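Undergrad: following is a predicted model, sequence given first.
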Amino acid sequence: MCDQTFVAITFGPCDSCSQNKPLMNIYLQNEPINYCSLCVELMACQGLAKGETVSTLRAESENLKAKLEEERAKLHDVELHQVAEKVETLGQFVIKTRRTLKGHGNKVLCMDWCRDKRRMVSSSQDGKVIVWDAYTTNKEHAVTMPCTWVMACAYAPSGCVIACGGLDNKCSVYPLSLDKNENLAAKKKSVAMHTNYLSACSFTNSDMQLLTSSGDGTCALWDVESGQLLQSFHGHSADVLSLDLAPSETGNTFVSGGCDKKANVWDMRSGQNIQSFETHESDINSVKYYPSGDAFATGSDDATCRLYDLRADREVAIYSKESIIFGASSVDFSLSGRLLFAGYNDYNINVWDVLKGTRVAILFGHENRVSTVRVSPDGTAFCSGSWDNTLRVWA
């Protein structure tokens with residue numbers, strides 16, 4: 001999403017030629033190095049066989065990609081909506097705003113539910129992170145961050161810790177207590193450090209590990225206690241905007257989406273990119289696993305949401321209409337996986353029938369773009385955050 005994309009240029013001595021120049025942050029075997037553009041070019045040409053150039057290798061790479069797409073196309077025998085023709089059409093349902101949460105002084109950028117299904121955390125451009133009781137709309141805790149644009153926040157599985165970060169390039173954790181007057185800032189602990197803004201964060205299945213994505217084009221897995229980098233993930237060629245962890249308790253994979261129009265699936269143990277999908281025509285702002293873990297959805301600035309099946313290794317559905325011309329900023333599934341909720345930059349939330357590919361509802365209420373949509377852990381409600389400074393709970 002262009003409104004949330006920031007460029008950071010590092011200037012200093014090149015690790016190769018030692019001259020003071022604009023530097024490129026690259027990784028060799030997970031080790032960060034800072035090279036100038038000339039040294040990167042020279043390094044890329046090292047070890048080339050006779051007659052090989054970077055351009056011929058690039059052409060060969062594109063040729064291999066085309067062959068892979070041909071093989072995928074051979075397995076593309078039927079569309080999802082055709083298979084779902086005999087499935088019963090969804091009946092009428094009413095979804096309304098049940099609660100409106102007001103308290104942020106600027107755009108709400110991110111939110112996450114606690115596993116107790118009642119509390120939630122939200123972050124905003126005003127530099128505030130607020131913990132809410134979604135039922136009473138009371139604010140339980142508030143933290144002022146050292147920077148504006150707090151673009152990521154997450155609740156730990158235990159419900160006792162929150163994580164957040166943004167333009168400070170860090171991900172910080174705050175332990176929560178029953179004392180609502182306690183100064184949380186004094187207990188702040190910086191865990192993750194990137195070379196550009198933090199775009200998303202998520203705890204794994206314990207409070208001990210934290211997964212982050214950044215505008216530096218990488219994702220990383222961190223140990224919360226020591227702040228040590230456990231694994232880094234390199235494969236995006238531009239800002240990574242979102243990530244989502246596989247839903248199973250033993251899941252060791254996650255998916256990420258970014259400004260390079262790619263959605264990548266990663267193995268957390270090896271750091272390898274195990275699957276990659278590139279069918280969007282613009283930035284991927286949001287990624288979300290299907291409840292079974294066998295597929296995931298994406299929302300993009302190209303005004304479409306798409307469903308990718310990991311077993312079929314391809315895109316199986318596109319959710320779009322000619323009348324929708326604004327980008328999708330956030331997506332999430334209902335608990336059953338039958339509905340896909342998508343927040344858009346035209347201030348609306350569209351509800352899609354995942355199987356049939358049709359839009360079944362439009363939800364109005366926000367007065368600016370919808371930046372985040374999250375279904376509660378028990379599936380009885382969902383929350384949306386918006387640039388109109390409010391959060392809404394729908395059911």
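TA: Structure received. Numbers count the residues shown, from 1 in each chain.
Undergrad: pLDDT below threshold where in the stretch 151-300 of the chain?
TA: For the stretch 151-300 of the chain, the stretches with pLDDT under 70 are 180-181, 250.
Undergrad: at 80 what do you get?
TA: The model of the stretch 151-300 of the chain has pLDDT under 80 over residues 178-186, 249-251.
Undergrad: what's the longest helix anywhere in the chain in contact with?
TA: Once the chain is assigned using DSSP state H, the helix that runs over the most residues is helix 54-74. Helix 54-74 is contacted by residues 41, 44, 45, 48, 313, 314 when judged by CB atoms under 8 Å, 6 or more residues apart in numbering. Every residue, glycine included, has its C-beta placed from N, CA and C.
Undergrad: so what's residue 75 scoring on pLDDT?
TA: Looking at residue 75, its pLDDT is 77.
Undergrad: with residue 348 instead?
TA: Residue 348 is assigned a pLDDT of 98 by the prediction.
Undergrad: tell me how far the residue lying closest to residue 219 once chain neighbours are set aside lies from residue 310.
TA: The shortest distance from residue 219 to any non-neighbouring residue, by CB to CB, 6 or more residues apart in numbering, is to residue 233 (4.1 Å). Distance of residue 233 to residue 310, given as CB to CB, to the nearest Å: 17 Å.
Undergrad: and for residue 288?
TA: With CB to CB as the criterion, residue 288 and residue 310 are 13 Å apart.
Undergrad: what touches both of these two?
TA: Common neighbours of residue 288 and residue 310 (CB under 8 Å, 6+ apart) are residue 296.
Undergrad: mind checking which of these two has more residues around it?
TA: Applying other CB atoms under 10 Å to residue 288 and residue 310 shows that residue 288 carries more neighbours, namely 27 against 19.
Undergrad: what's the host helix or strand of that one in contact with?
TA: Counting by DSSP states H and E, the element that carries residue 288 is strand 284-289. Under the criterion CB under 8 Å, 6+ apart, residues 1, 241-247, 255-259, 261-263, 295-301, 327-333 lie in contact with strand 284-289.
Undergrad: tell me who's in contact with the residue nearest to residue 219.
TA: Contacts of residue 233 (CB under 8 Å, 6+ apart): 218, 219, 220, 221, 256, 264, 266, 271, 273.
Undergrad: can you list the strands that the helix or strand hosting it pairs with?
TA: According to DSSP H and E, residue 233 maps onto strand 229-234. Here strand 229-234 has these sheet partners by DSSP bridges: strand 218-223 (antiparallel).
Undergrad: mind checking how far the closest residue to residue 266 other than its chain neighbours is from residue 267?
TA: Nearest non-adjacent residue to residue 266, counting by CB to CB, 6+ apart: residue 233, 5.1 Å away. For residue 233, the distance to residue 267 (CB to CB) stands at 9 Å.
Undergrad: which residue ranges of the stretch 51-200 of the chain form strands?
TA: Counting by DSSP state E, counting those that start in this stretch, the segments of the stretch 51-200 of the chain that form strands are 97-102, 108-113, 119-124, 128-133, 139-144, 152-155, 161-165, 170-175, 189-193, 198-203.
Undergrad: how about the ones you listed, which one is nearest residue 382?
TA: When those are compared for distance to residue 382 using CB to CB, the nearest one is strand 108-113, at 9.1 Å.
Undergrad: other SSEs contacting that closest one?
TA: If you count contacts as 3 or more CB pairs under 8 Å, 6 or more residues apart in numbering; DSSP states H and E, strand 108-113 packs onto strand 119-124, strand 152-155, strand 370-375, strand 382-386, strand 390-394.
Undergrad: can you pull the buried residues of it?
TA: Within strand 108-113, the residues scored as buried using 16 or more other CB atoms under 10 Å are 108, 109, 110, 111, 112, 113.
Undergrad: C-alpha coordinates for the longest helix of the chain, PDB please?
TA: Output of helix 54-74 as PDB, limited to C-alpha atoms (Å, rounded to 0.1, in the frame of the first residue of the first chain):
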ATOM      1  CA  VAL A  54      23.500 -11.600 -15.800                       C
ATOM      2  CA  SER A  55      21.000 -10.900 -18.600                       C
ATOM      3  CA  THR A  56      21.300 -14.400 -20.100                       C
ATOM      4  CA  LEU A  57      20.800 -15.900 -16.700                       C
ATOM      5  CA  ARG A  58      17.800 -13.700 -16.100                       C
ATOM      6  CA  ALA A  59      16.300 -14.800 -19.400                       C
ATOM      7  CA  GLU A  60      17.000 -18.500 -18.500                       C
ATOM      8  CA  SER A  61      15.300 -17.900 -15.100                       C
ATOM      9  CA  GLU A  62      12.200 -16.400 -16.800                       C
ATOM     10  CA  ASN A  63      12.100 -19.300 -19.300                       C
ATOM     11  CA  LEU A  64      12.100 -21.800 -16.400                       C
ATOM     12  CA  LYS A  65       9.400 -19.900 -14.700                       C
ATOM     13  CA  ALA A  66       7.300 -20.000 -17.900                       C
ATOM     14  CA  LYS A  67       7.800 -23.800 -18.100                       C
ATOM     15  CA  LEU A  68       6.700 -24.200 -14.400                       C
ATOM     16  CA  GLU A  69       3.500 -22.100 -15.200                       C
ATOM     17  CA  GLU A  70       2.800 -24.400 -18.100                       C
ATOM     18  CA  GLU A  71       3.000 -27.500 -15.900                       C
ATOM     19  CA  ARG A  72       0.700 -25.900 -13.300                       C
ATOM     20  CA  ALA A  73      -1.800 -25.000 -16.100                       C
ATOM     21  CA  LYS A  74      -2.000 -28.700 -17.100                       C
END
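Undergrad: please state the offset of that helix from the chain centre?
TA: Here helix 54-74 is found 28 Å from its chain centre; the criterion is CA atoms, centre = their mean, to the nearest Å.
Undergrad: which of the contacts of strand 284-289 are buried?
TA: If we count by 16+ other CB under 10 Å, these have these buried: 1, 241-246, 255-259, 261-263, 295-301, 327-333.
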